[in-house]
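Chemist: quick one: sequence plus predicted model below, questions after.
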Amino acid sequence: GQNIDQPTEMTATEGAIVQINCTYQTSGFNGLFWYQQHAGEAPTFLSYNVLDGLEEKGRFSSFLSRSKGYSYLLLKELQMKDSASYLCAVRDRGSNYQLIWGAGTKLIIKP
Amino acid sequence: DAEITQSPRHKITETGRQVTLACHQTWNHNNMFWYRQDLGHGLRLIHYSYGVQDTNKGEVSDGYSVSRSNTEDLPLTLESAASSQTSVYFCASSESTAGSSYNEQFFGPGTRLTVL
């Protein structure tokens, strides 16, 4: 079956680095997305991986290992505004190329 | 600037009533989606459309319907609202998926629906 797992909640300190993991099982992997969602707001796109390796975008990086069904989002130099939920989603050929979403990881940043 | 809007932003209704949530995008995207978001669950797909006159059922389509008469709009109708449909509803749109293009989804601000 299809399944996306992420930790429910994480806490980190301002200025530090945090890694949010995502593991997945799908019938036809066709890309992995990370979105950020502040409380009460809409999700916004952060990154996309379809090949193995690391994609870097400023303070945010995302890594993918297709053989392990694993991805992580790395956030560096954490700022208070990074307090949000981070959603992992996998595009699945077996679901007509629709996104299968994890429940999200709530990241709390402490001063 | 292009955008995607939803209305109303908040709605309270009674069990058994018909409710329609509006979604309008000015991106000129072919693909449009409706999701619901509940605590402890990821976004769950209700219906989606790849273009005018095209609609498809998602994972949780029972009790919901959509129609696509133009590129800009995909209204979501709850035929007979139930308390289990109390949720936050997000509309999204994206360009057409072609090959391995990622074509991110752009989300509207959401509608918080309460069914009493």
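Modeler: Nice, thanks for sending it over. Numbering: from 1, shown residues only, chains lettered A, B, ... in the order given.
Chemist: list the contacts for residue 37?
Modeler: No chain in the question, so chain A it is. A:43-44, A:84-87, A:104 (Cβ atoms under 8 Å, 6 or more residues apart in numbering or on different chains). No exception for glycine: its C-beta is placed from N, CA and C like everyone else's.
Chemist: my question was about chain B
Modeler: B:43-44, B:87-90, B:110.
Chemist: of those, which is the nearest to B:L116?
Modeler: Nearest to B:L116 out of the contacts of B:Q37 is B:S87 (Cβ to Cβ; 13.7 Å).
Chemist: count of neighbours near whichever residue of chain B sits closest to chain A?
Modeler: Closest approach between chain B and chain A, counting by Cβ to the nearest Cβ: B:G42, at 3.3 Å. A count of nearby residues for B:G42, using other Cβ atoms under 10 Å in any protein chain shown, gives 19.
Chemist: just to check, it is in contact with A:L99?
Modeler: No: between B:G42 and A:L99 there is no contact under Cβ atoms under 8 Å: 9.2 Å.
Chemist: identify the contacts common to these two.
Modeler: Joint contacts of B:G42 and A:L99 (Cβ under 8 Å, 6+ apart) are A:A89.
Chemist: and the contacts of B:Q37, which two are furthest apart?
Modeler: Pairwise distances across the contacts of B:Q37 peak at 13.9 Å for B:R44 and B:G110 (criterion: Cβ to Cβ).
Chemist: with neighbour numbers in mind, choose between the two.
Modeler: B:G110 (23 against 17).
Chemist: got the contact list for the more buried one?
Modeler: B:G110 touches A:41-42, B:6, B:9, B:37, B:88-90, counting by Cβ under 8 Å, 6+ apart.
Chemist: hmm, which of these are the buried ones?
Modeler: A:42, B:6, B:37, B:88-90 (16 or more other Cβ atoms under 10 Å in any protein chain shown).
Chemist: out of the residues you listed, which sit inside strands?
Modeler: B:6, B:37, B:88-90 (DSSP state E).
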